[in-house]
Every structure is written in C-alpha cells, then in structure tokens.
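Enquirer: sequence and predicted structure are below.
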Amino acid sequence: MKFLLFISLYLLITLVIFTGCKDTITGNQLDSVVIPSSNVSYSKYIQPVFNLKCANSGCHDDATSAGGYSLTTWAGATNPLYVSKGNANTSTLVQSVEGLSGANPMPPVGYPVLTQNQIQGVKTWVAEGAKNN
C-alpha cells in the first residue's frame, strides 16, 4: 500500500514539474504571432524568430556563426557589419531576409522560412533603430 502511494505521489510530482516547465514554442505557434507595424520589441518578437529560424546549429548560432554572424544575442544581431540601425534599406540582415539580389538569401533552402510578417517585423525593428527592448 505504501509503495502504491509512493508511486502515485512520484507520478503526480513528475507530471506537475514537466507540464509546468513547458516554455518552448513551436514553429506554428511562432508563425501565428503577429508582429506589430511599429514599436517592435526585440525580446518579444525578433529574438524568438532568430532563435527558432536562424540561430540553429550549423547556422547563426554562437558555435558556428555562419558568415561570422551570430543571432543568439542582441549584441550579435546588431553587428554593424550586418545591421545599419535606423536604416533598413542598407542593412544586409534585411536584404538577406527579404531575398534581395546581391545578398545571400536567408534562410537558405531547407531551413524554416520567415513569414512575410516576420520579415516586415525585422525590417521595422531595424528601421526603428534595432533597439534592445
């Protein structure tokens, strides 16, 4: 009897811990988030996109830093070689996610693509000064 009570209590605690710690977001959930057309928050909208779609192993994570560019932190994401704060039109990051000629289109084929709203969100964030907000 004590054994069954122990097992039941153990299972209940395990269930509470694992269901309470679910803090990951899926691609579908991320794609359904609407990024506003102004006052784009880096931490709320842009970093989650970078984390899920760009900062993967073999791409723009800290270990690989494809093209010398890591998107795991705000400091890395705003590298002046790739981002012209306040000027989206001259930012390589924006040109890449928009797939403009002369830039390496990102993400490459085979990786999760950014939605039009996410692309516009990145563009607006850069145009607004690429703030760490």
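Expert: Now that the structure is in, tell me what you want to look at. Note that the coordinates shown come from a computational prediction; the quantities given were computed from them, not determined experimentally.
Enquirer: only C-alpha atoms from now on, for both contacts and neighbour counts.
Expert: Noted.
Enquirer: can you give me the helices for this structure?
Expert: 2-20, 27-32, 47-53, 74-77, 92-98, 116-127 (DSSP state H).
Enquirer: report the rounded mean pLDDT for the shortest one.
Expert: Helix 74-77 carries an average pLDDT of 96.
Enquirer: now do the third one
Expert: Helix 47-53 shows a mean pLDDT of 94.
Enquirer: what residues of that helix count as buried?
Expert: Across helix 47-53, burial judged by 16 or more other CA atoms under 10 Å covers Gln47, Pro48, Val49, Phe50, Lys53.
Enquirer: ok, the second one to Gly102 distance?
Expert: In this case it means Pro48. Separation of Pro48 from Gly102 (CA to CA, to the nearest Å): 27 Å.
Enquirer: give me the number of residues near His131?
Expert: For the record, residue 131 is Lys, not His. By the measure other CA atoms under 10 Å, the count of residues near Lys131 is 17.
Enquirer: how close does the nearest residue to it once chain neighbours are set aside sit to Ala63?
Expert: Once flanking residues are discounted, Lys131 sits nearest to Tyr42: 6.8 Å by CA to CA, 6 or more residues apart in numbering. For Tyr42, the distance to Ala63 equals 22 Å [CA to CA].
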